[in-house]
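A.B. asks: My questions concern the predicted model and sequence given below.
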Amino acid sequence: MPHGHCYFWKPEIVWLHVLSDSLIALAYYSIPITLVYFVRKRRDVPFPWMFLMFGAFIVACGTTHLMEVWTLWIPAYRLSGAIKIITGILSIGTAILLVPLTPKALALPSPSELEAANLDLQKQIVERKRAVEALRESEERFRGAFDFAAVGMALVGLDGRWLQVNRSLCELVGYSEEELLNTNFQSITHPEDLETALAYMRQVLSGEIPQYQMEKRYFHKFGHIVWILLSVSLVRDAQGAPLYFISQIQDISQRRQAEQQLRQAEEKYRNLFENAVEGVFQTTPDGRYLSANPALSRMYGFESPQELVASLTNFDQETYVDPTHRANFRSLLQENGVLKEFEAQIYRKDGRKIWTSTNAQTVLDVRGQPVAYQGCVQDITERKEAEERLKHSGEQLRALWIRLQSVREEERTRIALEIHDELGQALTSLKMDLSWLEKKIALPGDENSKAPLLDKVQAMSSFMGTTLDKVRKIATELRPAVLDDLGLTAALEWQAREFEARTGIECNSRIEEMKLDPSLSTTVFRIFQEAMTNIVRHARATEVQVVFGKSAKKLLLVVRDNGRGVTDEEIADPRSLGILGARERAALLGGRIRIRGTPGKGTSVILRVPLKKLSSGTMTVDLPMLVSANTA
């Protein structure tokens, strides 16, 4: 019986159910279509099978509504029930499958979470792009640094083959990049260095060492040896597997050559140090020996340098005869940094004294502080003894010279007195007799016979007067009486006037009155005479200035002319005996003479002698006590 009978076939009821069930069926059928389309378009959707189960369940539900319309007129209730059973099975299956799926569905992110995740993903993408760009820039910088590095750089395979090389390496070994990439480092490595390099590579590969550095030799393309400093490290992948080696190669040929030259220089210095005739040393500033050569140890009486260094631990106290010499040595070195020909007397190991001459310099650290003294020592004992003998001989010669000068002055004085007193008196008496004879002959008598006799007597009288003048002059030159009678001041004034009268050279003098010791007066007068004599002989002067007096507790004598000017060669000429004699005379007084000439302007002779006041109005000079009492 059709289901319409239940509605009494009332049209409004029948069509109401037909319309409602049809609309529900249409809706149910349209939903699965949309779900299938969605699943096919979004294959990334999770749990797609659940959408299909929902679609089948909804289709079954829609079919049951169509069967409700069908059974209004056709009573196919069995088919309707079967469809409902299928719908129930699909519903139950979907419900069962939905239970375990619910937690997973709940775990799916919400839209806000998806939006946040999307934003985070966008940031990650931007950061990744930045990282990629930074990596690209880093690779470019590495490439630039690699290609244009000042030192050789290379990537080397695990088997030693060149994988990548820069231009510096090519220039270092003389090969082109292509030539190197077709070979390995073993082919250009010196055989004596190859095994060491391979051993280092094995240690790096095994993880025993992270990297290594060594000096080795490469063969240049043209055959000569190139010394290099090689630094090698290993590059591994993320899993730690070795990929290749990075090598830095620096040319150290010049450094090795300099080191070789330094070794040769050190060897040469060592030979000089060991075989030098002079002693060579190095000490600390406080006097402890750091090193010494065999010559120095022999000089100081030790068997070896080692014994000297071990024995002399305090040079100041143990070696110098006069301990103040070491203080002077250190003071001069600290002041100047260099010391030359420092003479001192020291003790040898056996106690004997020797004289040494030391040249030394200060060794400073980086802060400029002295850390050592070093230098060389020469044994000058024989020279000092010879100098002492020479000095003694010189003193003896000077004493003899003083004695000779004293005897000479005494003899001059004696001869002058004898000539003046005895010969002068005899000649005077003879002249008086001749004068008397002349008067007698002049008396009236035989004029013809007396005339020749009178002429002869007059001639003899004239000659006698000339002879007497010469005798007085000789006596004055030997020893001017005015020096002994009136003193040095009067003698200098007389000599100046006599010089002007005799030579015609204008002589301007300024002479102070001064009482001096007779020996000093004689010496000063003789120096003045020698200066005036040299002016006459050599100066070609027209004017002379003489100054004598006291200046700054010194006796001062200045003789200055306007002649041609004496030269330095003439002053230093050993044949200039007058100058030598004047200097010796000045030295005897403890003074000195300075002679200076200016070409075309004249010569100055300046004598300075230190004075000592003995009593009021009296001056004297300390004379060297070189002549002993028994020398006379």
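C.D. replies: Sure thing, it's come through.
A.B. asks: Moving along the chain from the helix or strand containing residue 30, name the first helix or strand you hit.
C.D. replies: Taking DSSP states H and E as the criterion, residue 30 maps to helix 11-41. Going down the chain from helix 11-41, the next helix or strand is helix 48-70, by DSSP H and E.
A.B. asks: now what about that next one, what contacts it?
C.D. replies: Helix 48-70 is contacted by residues 3, 17-18, 21-22, 24-29, 31-32, 35-36, 38-39, 45, 76, 79-80, 83-84, 86-87, 90-91, 93-94, 97-98, 101 when judged by Cβ atoms under 8 Å, 6 or more residues apart in numbering. No exception for glycine: its C-beta is placed from N, CA and C like everyone else's.
A.B. asks: Residue 320 is in contact with residue 342, isn't it?
C.D. replies: No - the pair residue 320 / residue 342 is not scored as a contact, 11.3 Å apart, by Cβ atoms under 8 Å.
A.B. asks: Those two: who's more crowded?
C.D. replies: More crowded of residue 320 and residue 342, by other Cβ atoms under 10 Å: residue 320, with 20 against 17.
A.B. asks: Quickly list what that one is bridged to.
C.D. replies: Bridge pairing for residue 320 (DSSP bridges) gives the partners residue 346.
A.B. asks: how about it, what does it touch?
C.D. replies: 326, 344, 345, 346, 347.
A.B. asks: Got a ChimeraX select line for the buried ones in the residues you listed?
C.D. replies: Here is the ChimeraX command that selects the buried residues among the contacts of residue 320 (16 or more other Cβ atoms under 10 Å):
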select :326,344,346
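A.B. asks: Let me have the contacts of residue 320 in a markdown table, extended by distance to residue 227 and pLDDT.
C.D. replies: Below are those laid out as a markdown table (distance: Cβ to Cβ, whole Å; pLDDT from 0 to 100):
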| residue | distance to residue 227 | pLDDT |
| --- | --- | --- |
| 326 | 48 | 79 |
| 344 | 49 | 89 |
| 345 | 53 | 89 |
| 346 | 49 | 87 |
| 347 | 52 | 89 |
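A.B. asks: Can I get the contacts of residue 320 in TSV including distance to residue 508?
C.D. replies: As requested, the contacts of residue 320 are exported to TSV (distance: Cβ to Cβ, whole Å):
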residue	distance to residue 508
326	57
344	53
345	54
346	59
347	63
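A.B. asks: I'd like to know which of the contacts of residue 320 is nearest to residue 13.
C.D. replies: Each of the contacts of residue 320 was checked against residue 13 using Cβ to Cβ; the closest is residue 326, at 144.0 Å.
A.B. asks: and the closest one, what helix or strand is that in?
C.D. replies: Residue-wise, residue 326 maps onto helix 324-336 under DSSP H and E.
A.B. asks: What are the contacting residues of that helix?
C.D. replies: Applying Cβ under 8 Å, 6+ apart, the contact partners of helix 324-336 are 285, 287, 315-316, 319-320, 339, 342, 344-345, 358, 360-362, 370, 373.
A.B. asks: For that helix, list every residue counted as buried.
C.D. replies: Neighbour-count burial for helix 324-336, counted by 16+ other Cβ under 10 Å, picks out 325, 326, 329, 330, 333.
A.B. asks: and the nearest residue to residue 372 once chain neighbours are set aside, helix, strand or coil?
C.D. replies: Nearest residue to residue 372, sequence neighbours excluded (Cβ to Cβ, 6 or more residues apart in numbering): residue 363, at 4.2 Å. The three-state label given to residue 363 by DSSP: H, G, I helix; E, B strand; the rest coil is strand.
A.B. asks: tally of neighbours for residue 363?
C.D. replies: Neighbours around residue 363, by other Cβ under 10 Å: 15.
A.B. asks: Then residue 369?
C.D. replies: Using other Cβ under 10 Å, residue 369 has 9 other residues around it.
A.B. asks: Same check on the one 5 residues further on?
C.D. replies: Residue 374 is flanked by 15 other residues according to other Cβ under 10 Å.
A.B. asks: ok, it touching residue 364?
C.D. replies: No - between residue 374 and residue 364 there is no contact under Cβ under 8 Å: 11.5 Å.
A.B. asks: Against residue 5, how distant is residue 16?
C.D. replies: 16 Å (Cβ to Cβ, to the nearest Å).
A.B. asks: likewise residue 94?
C.D. replies: From residue 94 over to residue 5 (counting by Cβ to Cβ), the distance is 35 Å.
A.B. asks: SS state for the closest residue to residue 212 other than its chain neighbours?
C.D. replies: Leaving out its chain neighbours, the residue that sits closest to residue 212 by Cβ to Cβ, 6+ apart is residue 200, at 4.2 Å. With three-state DSSP as the basis, the three-state label of residue 200 is helix.
A.B. asks: which SS class is residue 260?
C.D. replies: Applying three-state DSSP: residue 260 is helix.
A.B. asks: list the contacts for it?
C.D. replies: Per Cβ under 8 Å, 6+ apart, neighbours of residue 260: none.
A.B. asks: what's the answer for the one 3 residues further on, then?
C.D. replies: Neighbouring residues of residue 263 by Cβ under 8 Å, 6+ apart: there are none.
A.B. asks: For it, report the pLDDT, please.
C.D. replies: Residue 263 carries a pLDDT value of 87.
A.B. asks: State the pLDDT value of residue 583.
C.D. replies: Reading off the model, residue 583 has pLDDT 81.
A.B. asks: That should have said residue 42, apologies.
C.D. replies: Confidence score, pLDDT, at residue 42: 75.
A.B. asks: Tell me the backbone dihedrals of it, please.
C.D. replies: Note on residue 42: backbone dihedrals following degrees, to the nearest 10 are phi -110, psi 80.
A.B. asks: tally of neighbours for it?
C.D. replies: Count around residue 42 with other Cβ under 10 Å applied: 11.
A.B. asks: The stretch 51-200 of the chain: helices as residue ranges?
C.D. replies: 77-107, 111-148, 167-173, 177-181, 191-206 (DSSP state H, counting those that start in this stretch).
A.B. asks: nearest to residue 506, of those helices?
C.D. replies: helix 167-173 (88.6 Å).
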